[in-house]
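[1] This is a predicted model, with the sequence first.
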Amino acid sequence: EGCGRRFANSSDRKKHTLVHTTDKPYVCKYVSCEKSYTHP
């Protein structure tokens with residue numbers, strides 16, 4: 001399962017998996033901005 005890319009630690013792997021989904025958990029911190037992103 002996945003793209004086969006390898007990572008030194010699981011947190012890097014978890015961040016990378018967002019590339020393969022539509023999840024965008026990182027929200028812009030500006031008050032009037034409603035954008036969200038896959039990477040911080």
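    That came in fine, so what should we check first?
[2] Buried residues, stretch 26-40. List them.
    Residues of stretch 26-40 classed as buried by neighbour count (16 or more other Cβ atoms under 10 Å): residue 38. Placement of C-beta: from N, CA and C, glycine included.
[3] swap in stretch 8-21?
    So, applying 16+ other Cβ under 10 Å, buried residues of stretch 8-21: residue 17.
[4] tell me how far the ends of that stretch are from each other?
    21 Å (Cα to Cα, to the nearest Å).
[5] Strands along this structure, start to end?
    26-27, 36-37 (DSSP state E).
[6] any idea how far the last one is from the chain center?
    Centroid displacement of strand 36-37 relative to its chain, using Cα atoms, centre = their mean, to the nearest Å, is 9 Å.
[7] ok, now stretch 28-40?
    13 Å.
[8] on that earlier part again, can you put the strands of the chain in a markdown table and add mean pLDDT?
    What follows is those, written out as a markdown table (pLDDT from 0 to 100):
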| stretch | mean pLDDT |
| --- | --- |
| strand 26-27 | 93 |
| strand 36-37 | 92 |
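[9] Turn those into JSON lines, including distance to residue 9.
    Putting the strands of the chain into JSON lines (distance: least, Cβ to Cβ, whole Å) gives the following:
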{"stretch": "strand 26-27", "distance to residue 9": "19"}
{"stretch": "strand 36-37", "distance to residue 9": "21"}
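[10] Identify all contacting residues around stretch 21-36.
    With contact meaning Cβ atoms under 8 Å, 6 or more residues apart in numbering, stretch 21-36 is reached by 18, 37-40.
[11] how does it look with 6 Å?
    Taking contacts as Cβ atoms under 6 Å, 6 or more residues apart in numbering, the residues outside stretch 21-36 that touch it are 37-38, 40.
[12] from the chain's centre, how far out does that stretch sit?
    11 Å.
[13] Ends of that stretch, what's the gap?
    Stretch 21-36: ends 14 Å apart by Cα to Cα.
[14] and what of stretch 4-24?
    Rule used - Cα to Cα; the end-to-end distance of stretch 4-24 is 22 Å.
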